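Participant: need coordinates for the below:
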Amino acid sequence: MIKFFVKAISVALISISLTLISAVSFAATDVRIMWYGDGDKENVPMQRQIDAFNAANPDINVILDVVPYEAIQNTLPIQLAAGEGPDIARVTDLGGLNKYYADITPHVANPQYYEDSFGPFLKWYRKSGDTSSIHGFHSTMTVTGPYVNKTLFEQAGVELLGPGATWAEWADAANAVASKLDIPIPMAWDRSGHRVSGPAVSMGAKYFDSNGDPKLVDDGLKAMTQMLYDWHQDGTMSKDLWGSVSGTKYHAPNDWWNAAEVVFMMSGSWQIGRFANEVGDDFDWWAVPAPCGPAACTGMPGGNALLAFTANDAVGKVIDYLSSKEQLGAFIGEVLAIPGHLDLPVNYQTDDANAKHALETFAGAVPTIDQVAFDLQAHADNRIMFNAIISRLGQAIVGEMSLEEAWVKMDEDVEKQLKEKHGG
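Facilitator: Numbers count the residues shown, from 1 in each chain. A predicted model of the protein is given here:
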C-alpha cells in the first residue's frame with residue numbers, strides 16, 4: 001500500500017513537472033505595440049491584422065495599445081529615457097528618437113526587402129553615419145496641404161484657384177466665400193509647427209545655416225508667421241481654435257470643418273479617410289495644390305513609421321508581417337493613405353470622388369516638395385524647431401507677447417534645447 005502511494009505521488013509529480021515544462025516551452029512571447037491611429041478608420045484595420053497574426057502565430061502574442069497622439073509625442077520619449085516603453089511604436093518624430101531604435105536586421109527574413117521597398121525613408125530613422133540598420137518601416141507617407149469646401153465656393157460663385165496661386169490669393173478667396181455665405185471661419189490650420197513649415201519654406205525659410213546646423217528665424221519664416229499672425233488679427237483665422245490650447249499642444253479644426261464652418265483647411269493627406277467617413281456626402285471637400293510663395297510651392301513630407309525598440313525574433317516576425325505587400329497594401333487601401341513603399345500596388349476601397357481626387361492631388365505633390373522640406377523632415381532636431389515655432393507664435397497670436405518678441409524667443413528656445421540635448 002505504501003509502495004503504491006509513493007508510486008502514485010511520483011507519477012503525479014512527473015505529470016505536474018511535464019505540464020509545467022510544456023507550459024514554459026510553449027508560452028507565447030508578448031510583443032507590445034504602442035499605436036496611435038486617426039480614429040477607428042485606422043485602429044480597426046490594424047487590430048484586425050494583429051488578430052490575424054496572433055491566430056497564425058500562437059507562439060507570439062501581439063498586444064496593440066491604442067493611445068492618443070499626445071502619448072506618442074510626450075509620454076513615449078519619457079518611457080524610453082527611463083529604459084521602459086513598448087517593443088514597437090508608431091512614431092512621427094522619426095529622427096528625434098533614433099538613439100532608442102533597435103537594429104532588427106538579424107531578425108527579419110529579408111533585409112534587402114526593406115532597402116528595396118523603403119530605402120529613402122530608412123535614412124530618416126538612422127543615426128548619423130549609419131547606412132545599414134533596419135529599425136522598422138514607413139506605415140504611411142504623408143504630405144501637408146490644404147482642402148477647400150468646394151460646395152461653399154460653388155454656392156458663393158467664387159472660382160477655385162489653380163496651381164501657382166499664392167497664400168495671399170487663397171486667403172482672399174476664402175474670405176470672399178465666407179463673406180458671401182456668412183461662414184464663421186474663412187481659414188483654419190492644424191496648430192502644428194510642422195504644418196507651418198511647408199508654407200514657410202515656400203516663403204523662403206531655410207531652417208539651416210551654411211553648415212547645415214539648425215537656424216530657425218530668417219526672412220522667410222518671418223514672412224509666413226507674420227501672415228499667420230495677421231490672419232488671426234483680421235478674422236481670416238479664428239483665435240478660438242489655436243487660442244483654445246497652449247504650448248506645443250496640437251489642435252486640429254476637424255469639428256468645425258465637418259460642420260461646414262470652415263472654407264479652407266490647412267492639414268494634410270492623412271485626413272482623406274477621415275473626411276470620407278465623417279463628412280461623407282454632406283459637402284464636396286476638395287484637395288488643392290500647395291499655395292505658393294516667392295521661393296516654392298511646397299508642402300512638408302512626413303508620415304509615420306512602425307519602429308522597433310526591442311530586437312528579437314518575435315519583433316522581427318511582427319515587423320515582417322505588417323510591412324509585407326499583402327498586409328501593408330490592404331491597410332493603405334482601407335485607410336486611404338499614400339504608401340511609403342516604393343513598389344506597392346494599392347486597391348483603394350472607395351467610390352468617393354472627393355477621396356480619389358485628394359489621393360491623386362497629394363500623390364502628385366510628392367515630386368514638387370522642396371529639398372529644404374525634405375532636409376527638415378529628415379533632421380533629428382526638427383521637433384525642437386517645430387515646437388519653438390508653434391509655442392511662441394501661439395503666444396503672440398493670443399497677445400502674450402509681440403510677434404517680434406516671439407521671433408527672438410523662437411531662436412532662444414532652439415539654442416537652449418539644442419544645448420540641453422547635445423551639450424556645449
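Participant: and the next element down the chain from the lengthiest strand in the chain?
Facilitator: Ranked by residue count under DSSP state E, the longest strand found in the chain is strand 136-149. Using DSSP states H and E, the helix or strand that follows strand 136-149 in sequence is helix 150-156.
Participant: quick check: mean pLDDT of the longest strand of the chain?
Facilitator: Mean per-residue pLDDT for strand 136-149: 96.
Participant: in stretch 378-398, which residues are buried?
Facilitator: Going by neighbour count (16 or more other Cβ atoms under 10 Å), the buried part of stretch 378-398 is 378-397. Just so you know, the C-beta spots here come from the backbone N, C-alpha and C atoms, and that holds for glycine as well.
Participant: wait, N304 touches A89, no?
Facilitator: No - judged on Cβ atoms under 8 Å, N304 makes no contact with A89 at a distance of 9.6 Å.
Participant: G280 versus N74, what's the distance?
Facilitator: Note on N74: its distance to G280, by Cβ to Cβ, to the nearest Å, is 33 Å.
Participant: domain parsing for the chain?
Facilitator: Under the assignment automatic domain parsing, the domains of the chain span 11-15+22-141+302-353, 143-300+368-422.
Participant: winner for burial among the ones you listed?
Facilitator: domain 143-300+368-422 (a mean of 19; mean count of other Cβ atoms under 10 Å).
Participant: do a quick rundown of the strands in the stretch 101-250 of the chain.
Facilitator: 136-149, 185-189 (DSSP state E, counting those that start in this stretch).
Participant: closest to R274 out of those?
Facilitator: strand 136-149 (11.1 Å; Cβ to Cβ).
Participant: element containing A290, please.
Facilitator: Here A290 is assigned to no helix or strand, by DSSP H and E.
Participant: in what helix or strand does L418 lie?
Facilitator: helix 403-422.
Participant: residue ranges with poor pLDDT in the stretch 1-150 of the chain?
Facilitator: Along the stretch 1-150 of the chain, segments meeting pLDDT under 70 span 1-26.
Participant: which residues in it form helices?
Facilitator: Along the stretch 1-150 of the chain, counting by DSSP state H, counting those that start in this stretch, helices occupy 2-25, 40-56, 69-70, 76-81, 111-125, 150-156.
Participant: T361: which of the domains of the chain is closest?
Facilitator: Here domain 143-300+368-422 is closest among the domains of the chain (Cβ to Cβ), at 4.0 Å.
Participant: follow-up on the earlier one: among the buried residues of stretch 378-398, which are in helices?
Facilitator: The helices, defined by DSSP state H, take in 378, 382-397 from the buried residues of stretch 378-398.
Participant: ok, back up a step: now the angle from the helix holding L418 to helix 382-397?
Facilitator: Following axes from the mean of the first three to the mean of the last three Cα atoms, to 10 degrees, one obtains 150 degrees for the angle between helix 403-422 and helix 382-397.
Participant: pLDDT (mean, whole number) over helix 403-422?
Facilitator: Mean predicted confidence for helix 403-422 is 96.
Participant: give me the contacts around that helix.
Facilitator: Outside of helix 403-422, the residues within contact range by Cβ atoms under 8 Å, 6 or more residues apart in numbering are 214, 216-217, 221-222, 225-226, 229, 381, 384-385, 387-389, 391-393, 395-396, 401.
Participant: correct me if wrong: D87 contacts A308.
Facilitator: Yes - using Cβ under 8 Å, D87 is in contact with A308, at 6.7 Å.
Participant: anything in contact with each of these two?
Facilitator: Counting by Cβ under 8 Å, 6+ apart, the shared contacts of D87 and A308 are V315.
Participant: what about the closest residue to A102 other than its chain neighbours, which SS state?
Facilitator: The shortest distance from A102 to any non-neighbouring residue, by Cβ to Cβ, 6 or more residues apart in numbering, is to A311 (3.9 Å). Following DSSP: H, G, I helix; E, B strand; the rest coil, the label given to A311 is coil.
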